[in-house]
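> Sequence plus predicted model, see below.
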Amino acid sequence: MNRDVLSATKKYDMLSYGDKIVVGLSGGADSVCLTHALVSLMDSLSLEVEAVHVNHGIRGEEALRDEKFCSDFCKSLGIKLTVFRFDIPLECKKTGESEEECGRRIRYECFKNTAGENAKIATAHNLNDSAETVLLNIVRGTGCKGLCGIPPIRGNIIRPLIMTSRDEIELYCKENSLDFVTDSTNLQNEYKRNIIRNVVFPTLQKMNPSVFSAFSRLTENAADDEKLIEEITELKYSECKTSLGLDEEKLLSYPKALRRRILMRFLNENIKKDISAVHIYNAENVVGTAKSITLPGKTILAHRDGSLVLSEKVEENLPFSVTFNVKDGIVEFPYGKLKIQTFTQKDLQN
């Protein structure tokens, strides 16, 4: 198993001599395996390893059990553990996120706060997780980027187990006499990922026992293709940018796939809201026409002097009524203020 971890870190250049690593530790088999494997490399690579555990406040006694397990496990390894506690259901009510989205955001915030600017964050995503992510993306509707799976490296976040299957991870734990805890919600098919993990992939494995290796090849090839396409997009994007927006004639001369990429880059760069595939599709239908569309953030995509341009939507002045007394003073109404001054008939005659 150590060879697999070293293979992943070497292939993707994850670790350097003397690195400080903050590991996300849930107590499950994946994170226990990762933490143990990294600790085993501390001497040879002069690594400094510590762990972070996040109690989401969702599973009651089971969550407390996981927290205690992580504490005992880190003591046995002789490494520091930082525990964060949250009430995720309450946080969701404030933000409108799902528990899954909110929990993930808060976990990464905790990891980043602990790591600071100099440490690397190691998460226990593995080969199965990446394949599940690809299938989820396909079900939702995705392009090439969604076929790339979970990236081995993203900024200072590394995933040393990304080439290792869940079966190999559990075997490693068995061979090294490592206990771990099981999150009972992972066994419940209420979440989409659990359905894919517990129902879909077991069926696919009957068709192809090496299905996870097949998905691994797919994600690696897709990632290589995505890198090339992004490099071409960057070049062409810079060529068709104007002082106003995008040169519409040049944009029309590009293949449709490249045109979509450039539009996606343009909209994401200029609109601080989530841009979906629907927005890109609608924007593409505007190119070469006289049409305009409204995008998130009250933004208009329109045409000016041969360029596609973005502008802020101007609200229409709707009819209104104001009741006020006729006397000296200021009356406020929806679109401004009205100053009133009264005069007598004698004043007007003078």
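Ah, there it is.
> Using PDB, write out every CA atom in the helix or strand hosting Asp43.
Asp43 belongs to helix 42-45 when assigned by DSSP states H and E. In PDB, the C-alpha atoms belonging to helix 42-45 read as follows (Å, rounded to 0.1, in the frame of the first residue of the first chain):
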ATOM      1  CA  MET A  42       7.600  11.200   8.100                       C
ATOM      2  CA  ASP A  43      11.200  10.000   8.700                       C
ATOM      3  CA  SER A  44      12.200   9.300   5.100                       C
ATOM      4  CA  LEU A  45      10.700  12.600   3.800                       C
END
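> buried stuff in stretch 85-98?
In terms of neighbour count (16 or more other CB atoms under 10 Å), stretch 85-98 has its buried residues at Phe86, Ile88, Glu91, Cys92, Glu97. In this view, the C-beta of every residue, glycine as well, is placed from N, C-alpha and C.
> Equivalent analysis for stretch 48-59, please.
So for stretch 48-59, counting by 16+ other CB under 10 Å, buried means Val49, Glu50, Ala51, Val52, His53, Val54, Asn55, His56, Gly57.
> Save these as CSV, and put in distance to Arg217, pLDDT and secondary structure too.
Converted to CSV, the buried residues of stretch 48-59 look like this (distance: CB to CB, whole Å; pLDDT from 0 to 100; DSSP: H, G, I helix; E, B strand; the rest coil):
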residue, distance to Arg217, pLDDT, secondary structure
Val49, 31, 97, strand
Glu50, 35, 97, strand
Ala51, 32, 97, strand
Val52, 33, 97, strand
His53, 34, 97, strand
Val54, 33, 93, strand
Asn55, 38, 91, strand
His56, 35, 90, coil
Gly57, 40, 86, coil
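> which one of the residues you listed is nearest Ser71?
Set against Ser71, the nearest of these by CB to CB is His53 (7.8 Å).
> What about Arg259, how many residues nearby?
Look at Arg259: counted by other CB atoms under 10 Å, it has 22 neighbours.
> Once you drop chain neighbours, what's closest to it?
Distances taken as CB to CB, 6 or more residues apart in numbering put Leu251 closest to Arg259, at 5.8 Å, once the chain neighbours are dropped.
> ditto for Ser184
In space, Ser184 is closest to Glu62, 6.2 Å off (CB to CB, 6+ apart).
> Show me what the helix or strand containing the one you found is packed up against.
Per DSSP H and E: Glu62 is located in helix 61-77. Helices and strands touching helix 61-77, as assessed by 3 or more CB pairs under 8 Å, 6 or more residues apart in numbering; DSSP states H and E, comprise helix 29-40, strand 48-55, strand 81-85.
> go again using 6 Å as the cut-off
Contact analysis of helix 61-77 by 3 or more CB pairs under 6 Å, 6 or more residues apart in numbering; DSSP states H and E lists strand 48-55 as its packing neighbours.
> Just checking: what are the partner strands of the strand it packs on?
strand 20-24 (parallel), strand 81-85 (parallel) (DSSP bridges).
> And the last one, what's buried?
Put plainly, it is strand 81-85. Leu81, Thr82, Val83, Phe84.
> is it possible to export these to TSV including pLDDT and distance to Asn189?
Below are these laid out as TSV (pLDDT from 0 to 100; distance: CB to CB, whole Å):
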residue	pLDDT	distance to Asn189
Leu81	97	32
Thr82	96	33
Val83	96	30
Phe84	95	28
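> Let me know the closest of those residues to Leu263.
So of the buried residues of strand 81-85, ranked by how close each gets to Leu263 (CB to CB), first place is Phe84, at 39.8 Å.
> tell me the domain ranges of the chain?
2-218, 231-312 (automatic domain parsing).
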